[in-house]
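>>> Quick one, what's the 3D model for this:
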Amino acid sequence: MQVKEKNTWEVLRDHLVDSDSAGLNEYLSELSGEETLRALMRLELAEQQQILARLTPESAAEVFEYIPDESAGDLLSELSPEVAASIVSEMSSDEQADVLSELDDEELEEILSHMDDHDVLEARQLMAYDDDVAGGLMMKEYFSYPKLYRASSVLKDLAKREEEYELNNVLYIYITTRAGVLLGVARIRDIIVAPPQARLADILHPAVSVKDTTTLDELEGFFDDNNLSAVPVVDEKNRILGVVRRRAVYDAVAERADADHLKSQGIVGGEELRSMPTILRSRRRLSWLSVNVVLNVIAASVIAQFQDTLSAVIILAVFLPIISDMSGCSGNQAVAVSMRELSLGIINKSDLFYVWRKEVVIGIINGLALGLLISIVAWAWQGNGWLGLVVGMALAINTILAVSIGGTVPVILKSLKVDPAVASGPILTTITDMCGFFLLLGTASLMLPLLTG
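Next comes the predicted model:
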């Protein structure tokens, strides 16, 4: 009989049971990042902590690269401060700041107390920035030299620092004044082929840079327009502070989109993994679902006011969810566009009327098209043109209302400092459901003799 091959998490568990730290380190080094993350997330929290404690700091730091920041912070907080500090010290500076930012103040200070003063200073500098600006996304691992350095001196220094930084990933060095003001950039290849006594001032090329306050959306646009792997980050005096990698920017954009999508679906906090504590996951979901229970009861109460109409024309019950769903889809499209324009800075609270005006035009066009389509379906199905008119009017008007609400609510919520990704959906759904139900059933009540005749 063929023996079933063990899953990766089962192998990790076996190494734990056998207290085989060497085998554990070797096995994890052979896994891809995706395999490592999948295996860890299938283990209990206590097992994850045991594995990280048994790994070498270098191996543990590599594992943390693949773990989402919130989960990484939770894991780090459960380790002893000494072990946690040894792992964090092996991370790149931008990863250090991301993970440490997830800790509460007491845990943070305990871990920092066991770290090198230079690493602590860099971590505090990066954590002082918001995570969606260049200062919060940059890393401090870069090569810079004063303009009077000679090519031979630079090559000697690079050779000494081969273990400190992964030179295979370094393509450029940055050339500065003694005060750190950015003057230009040179390729490693330029340094190698230059005469040994050549000054960097004679080799440098003009360097593009971004301010430390440059937003994530501006960085995304920058890398879309420039074929660079990284860009230096400077302060208001043009002193170099770090570098932002293209990959870091695109990863941050993807993470933000994922977080907004999760929040829009009721995952409060913007991140949930099934390896998280069950009670925490349940509480986060319930905080959203319980509110929606109340909102749905309010919307459904409209139906209760028209029981006699529904009893007389039972076919109307078939069209209620259609109108609700179609209007909700139209409204959510408007929400998505407003969310995107808000994130890009294209619109703000002063543009409320502009947003509404643009959406109303779309709502009229799409509402008439959808209303005509559903009215034809109702007429052909039931053979009653008046039913088609009632259903079509309700969908057309509700579509106009839905896009108006969907377009403007995120702008209003943003101006009130409420996260539009969380609140726009419930508000849109409740209002469009109530209006849709009222339009269909109210109009049907007025035209009841024509619908039952």
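
>>> Contacts only, for the closest residue to Leu31 other than its chain neighbours.
Nearest non-adjacent residue to Leu31, counting by CB to CB, 6 or more residues apart in numbering: Thr8, 6.5 Å away. Placement of C-beta: from N, CA and C, glycine included. Neighbouring residues of Thr8 by CB atoms under 8 Å, 6 or more residues apart in numbering: 31, 35, 38-39.

>>> Could you report the separation of Thr8 from Ser152?
To Ser152, Thr8 is 48 Å away according to CB to CB, to the nearest Å.

>>> Flag every buried residue along the helix or strand harbouring Glu47.
Glu47 belongs to helix 45-54 when assigned by DSSP states H and E. Using 16 or more other CB atoms under 10 Å as the test for burial, helix 45-54 gives 48-52, 54.

>>> helices or strands next to it in the packing?
Here helix 45-54 touches helix 8-17, helix 21-29, helix 69-78, helix 81-88, going by 3 or more CB pairs under 8 Å, 6 or more residues apart in numbering; DSSP states H and E.

>>> on that earlier part again, wait, which of the buried residues of helix 45-54 is closest to Leu413?
Relative to Leu413, the closest of the buried residues of helix 45-54 is Gln48; by CB to CB it sits at 37.0 Å.

>>> Please name the residues that touch the nearest residue to the closest one once chain neighbours are set aside.
Among residues not flanking Gln48 along the chain, Leu40 sits closest, at 5.5 Å (CB to CB, 6+ apart). Leu40 sits next to 9, 12, 48, 51, 63, 67, 275 when contact means CB under 8 Å, 6+ apart.

>>> Phe319 too?
By CB under 8 Å, 6+ apart, the contact list for Phe319 reads 374, 378, 391, 394, 440.

>>> go with 6 Å
Shown in contact with Phe319 (CB atoms under 6 Å, 6 or more residues apart in numbering): Val391.

>>> Which pLDDT value does the model give it?
Looking at Phe319, its pLDDT is 87.

>>> Sticking with it, tell me its helix or strand.
Counting by DSSP H and E, Phe319 is found in helix 316-344.

>>> Return the distance of stretch 141-155 from the chain's centre.
Relative to its parent chain, stretch 141-155 has a centroid offset of 37 Å by CA atoms, centre = their mean, to the nearest Å.

>>> Nearest residue to Leu16 in space, please, no chain neighbours.
Distances taken as CB to CB, 6+ apart place Gln50 nearest to Leu16, at 5.6 Å, with adjacent residues excluded.

>>> wait, doesn't Trp356 sit right on Ile405?
No: with contact defined as CB atoms under 6 Å, Trp356 does not count as touching Ile405 (9.5 Å).

>>> Which one's more surrounded, these two?
Ile405 (27 against 17; other CB atoms under 10 Å).

>>> lowest confidence element among the helices and strands of this protein?
Using mean pLDDT, DSSP states H and E, helix 278-304 stands out as the lowest-scoring helix or strand of the chain, at a mean of 71.
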